[in-house]
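>>> quick one, what's the 3D model for this:
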Amino acid sequence: MALIEIKVPDIGDFADVSVIELLVKPGDSVKQEQSLITVESDKASMEIPCSANGIVRELKVKLGDKVHEGSVLLMLETSGEQNTSTAQSTSSSSASVATSSAPTPSAPSAPTTAPLANVPTASAQPSTSSLVEVKVPDIGDFKDVSVIELLVKPGDAIEVDQSLITIESDKASMEIPSSAAGVLKELKVKIGDKVNIGDLLAVLSGSIKEQSFSSASVQSQNQAIQSNSTAQASVISSAANTSVAAPASAVSTIQLPSHQPANALSADTKIPHASPSVRKFARELAVPLEELKGSGPKGRITYEDVQSFTRSVMQGTASTKAQQSKGGSSQGGSASGAALGLLPWPVVDFAKFGPIERKPISRIKKISGANLHRNWVMIPHVTNHDDADITELEAFRVSTNKENEKSGVKVTMLAFLIKACVACLKKFPEFNSSLDGGDLVYKSYYNIGFAADTPNGLMVPVIKNADTKGVLQISQEMGELAKKARDGKLSPAEMTGATFTISSLGGIGGRYFNPIINAPEVSILGVCKSTHQPVWNGREFTPRLMLPLSLSWDHRVIDGAAAARFNAHLGQILSDFRRVLL
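Numbering: from 1, shown residues only. Below you'll find the model as predicted:
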């Protein structure tokens with residue numbers, strides 16, 4: 001084992017840039033090119049990659065520190081077989097990327113306009129009426145980088161080197177400055193556009209100062225970005241993901257309203273201060289960054305800020321401006337119906353007909369209501385109804401409970417249903433899939449959600465890897481999760497990742513119903529109370545215990561024949577549970 005120093009590679013002309021994020025901690029195992037820290041200059045932010053594989057033993061920097069090329073970032077313990085040339089040459093490994101893809105800045109004493117060859121040179125004599133085109137300068141080998149912010153609007157007075165837009169690659173964001181001064185007549189790009197070197201950004205008019213735009217400043221940003229262009233994206237821990245991921249249950253399929261920034265910033269609009277990786281994370285969750293208050297240095301928005309905001313929205317303690325403007329339009333009494341071309345929802349003064357009492361809808365019902373409404377409108381539901389003979393299975397369940405009375409684990413019919421459904425999902429894998437754009441994602445794991453009735457509303461805990469567990473283990477886990485649900489102590493991780501859901505009303509009553517699919521699942525099974533019915537056995541009618549089944553499925557993925565076979569196979573398993581072994 002060897003202990004080596006990992007240093008800051010060549011980051012161009014930047015000196016004393018601030019450390020704004022630490023992406024690893026002592027004890028972490030890191031790979032070559034994995035991002036270690038995020039640094040920020042006045043114009044750009046970038047992530048610094050590791051030059052070797054190993055285990056972090058000591059961090060040499062902390063938030064707020066200033067670093068430059070050659071600064072020691074951390075001590076890394078590597079194996080004896082570690083490539084020593086890679087380990088000892090931290091800066092050269094990254095610098096080679098920059099030098100191979102970006103031109104070397106010329107000496108300061110000899111200003112150059114090579115990177116701005118496509119930007120018109122300002123005339124020696126100021127002109128008060130000419131129009132000047134401002135184009136994208138040399139940004140290295142990056143192609144089709146996205147415009148993520150517009151920092152000016154038509155009519156603004158622009159100074160030389162004033163930032164006009166912010167662009168973002170996979171690993172860094174940078175601001176593009178103006179090469180001339182004047183009044184902005186027209187912006188030629190909008191948020192979301194892809195730009196390349198030479199693309200027209202804006203048209204200026206008015207007095208044009210000497211073109212003092214420094215190509216070296218852009219080139220130094222290019223080098224800083226390119227030195228990190230091969231770094232891998234920072235990975236959020238699975239625990240963090242489960243706390244904010246969109247769960248597959250009625251209460252937990254929370255999705256924040258999509259947010260599209262305005263094409264031009266108003267005077268009071270605050271530009272979100274966040275690193276590229278945080279911006280990407282926020283976009284994946286549709287979190288509006290401008291509504292967040294950063295807790296990092298200089299008010300910077302961190303991963304934790306995005307996660308905390310998402311949890312607050314899920315818990316109903318916070319809402320986005322988009323949600324507030326809707327005024328809860330996804331709930332029945334507040335929906336106008338205008339978006340669907342329907343008549344407005346009737347507004348009635350109920351008090352004039354008699355005494356009334358108003359109570360706020362519970363947090364869980366607010367969350368689940370919005371998701372159920374979306375799922376019902378967007379998924380083409382079809383429901384198959386059938387009956388399963390569970391006479392022998394119920395007798396086996398009763399005898400099992402008597403034998404295991406001392407263990408304290410009570411086996412329910414739902415536990416048998418979960419095992420039976422897993423067997424059906426293996427035979428009909430399209431029921432264990434999800435739509436993802438134009439693709440169908442088939443899952444090789446079997447996580448079964450079950451609806452739990454609580455004082456605050458419906459919740460859907462998930463039995464993970466149900467195919468690897470026996471009926472007794474499933475029953476025990478179901479009891480623990482149901483108790484947590486009633487006590488309001490279910491964690492987001494315990495309500496996420498379901499591939500199929502069972503909604504059972506067996507303890508209450510009813511005959512059949514149409515359960516609503518929990519996106520992104522494609523099917524759900526509804527179960528009602530079993531009843532004794534006369535069934536013809538070929539010779540006579542005999543009393544049999546029949547369980548009503550209601551299978552709802554997404555017609556975009558599943559057709560009627562497959563659904564009928566699924567229900568029939570499920571009924572066969574429940575009538576003779578030995579089939580689950582086949």
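>>> now the strands: where do they sit in the stretch 401-550 of the chain?
For the stretch 401-550 of the chain, applying DSSP state E, counting those that start in this stretch gives strands covering 433-436, 439-442, 448-450, 452-454, 457-459, 462-463, 500-504, 523-527, 531-536, 541-554.
>>> out of these, deepest packed?
Most buried of these, by mean neighbour count (mean count of other C-beta atoms under 10 Å): strand 448-450, with a mean of 28. C-beta here means a position set from N, CA and C on the backbone, and glycine is covered the same way.
>>> gap between that strand and the chain center?
The chain centre lies 22 Å from the centre of strand 448-450; the measure is C-alpha atoms, centre = their mean, to the nearest Å.
>>> how about Lys352, secondary structure?
helix (DSSP: H, G, I helix; E, B strand; the rest coil).
>>> distance of Val347 relative to Asp387?
Val347 sits 44 Å away from Asp387 when distances are taken as C-beta to C-beta, to the nearest Å.
>>> higher neighbour count, the two?
Neighbours around Val347 and Asp387, counted as other C-beta atoms under 10 Å, are more numerous at Asp387. The numbers are 19 against 6.
>>> what's the host helix or strand of that one packed up against?
In the assignment (DSSP states H and E), Asp387 maps to strand 381-389. The contact analysis (3 or more C-beta pairs under 8 Å, 6 or more residues apart in numbering; DSSP states H and E) places strand 381-389 against strand 541-554, helix 560-575.
>>> circling back to that earlier point, redo the strands of the stretch 401-550 of the chain as a markdown table? Include distance to Glu33 and mean pLDDT.
Shown next, in a markdown table, are the strands of the stretch 401-550 of the chain (distance: least, C-beta to C-beta, whole Å; pLDDT from 0 to 100):
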| stretch | distance to Glu33 | mean pLDDT |
| --- | --- | --- |
| strand 433-436 | 28 | 94 |
| strand 439-442 | 28 | 95 |
| strand 448-450 | 38 | 96 |
| strand 452-454 | 45 | 85 |
| strand 457-459 | 42 | 83 |
| strand 462-463 | 35 | 96 |
| strand 500-504 | 39 | 95 |
| strand 523-527 | 41 | 97 |
| strand 531-536 | 63 | 94 |
| strand 541-554 | 40 | 96 |
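>>> burial count for Thr446?
That one is not Thr; residue 446 is Tyr. By the measure other C-beta under 10 Å, the count of residues near Tyr446 is 23.
>>> wait, Val24
By other C-beta under 10 Å, the residues close to Val24 number 19.
>>> is it in a helix, a strand, or coil?
coil.
>>> need the contact list for it.
Counting by C-beta atoms under 8 Å, 6 or more residues apart in numbering, Val24 makes contact with 30, 34, 36-37, 56, 59, 74.
>>> and Ile463, by the same measure?
Applying C-beta under 8 Å, 6+ apart, the residues near Ile463 are 418, 447-450, 469, 474, 477-478, 481.
>>> ok, 7 Å please
Shown in contact with Ile463 (C-beta atoms under 7 Å, 6 or more residues apart in numbering): 418, 447-448, 450, 474, 477-478.
>>> can you tell me how far it is from Gly497?
For Ile463, the distance to Gly497 (C-beta to C-beta) stands at 10 Å.
>>> and Lys406, by the same measure?
Lys406 is 34 Å from Gly497, by C-beta to C-beta.
>>> which one of these two is surrounded by more residues?
Gly497 (19 against 6).
>>> now for the nearest residue to the more buried one once chain neighbours are set aside, how many residues are close by?
Once flanking residues are discounted, Gly497 sits nearest to Asn447: 4.9 Å by C-beta to C-beta, 6 or more residues apart in numbering. Other residues near Asn447 come to 21 when the count uses other C-beta under 10 Å.
>>> tell me, what's the model's pLDDT at the nearest residue to Val136 once chain neighbours are set aside?
Spatial nearest neighbour of Val136, excluding adjacent residues (C-beta to C-beta, 6+ apart): Asp199 at 4.7 Å. pLDDT, Asp199: 90.
>>> distance of Asp199 relative to Ala482?
Taken as C-beta to C-beta, the span from Asp199 to Ala482 is 58 Å.
>>> before we move on, what about Met46?
When distance is defined by C-beta to C-beta, Met46 is 49 Å away from Ala482.
>>> Leu63: neighbour count?
By other C-beta under 10 Å, 14 other residues sit near Leu63.
>>> then Lys443?
Residues lying near Lys443 (other C-beta under 10 Å) number 15.
>>> can you check Ile4 too?
Using other C-beta under 10 Å, Ile4 has 20 neighbouring residues.
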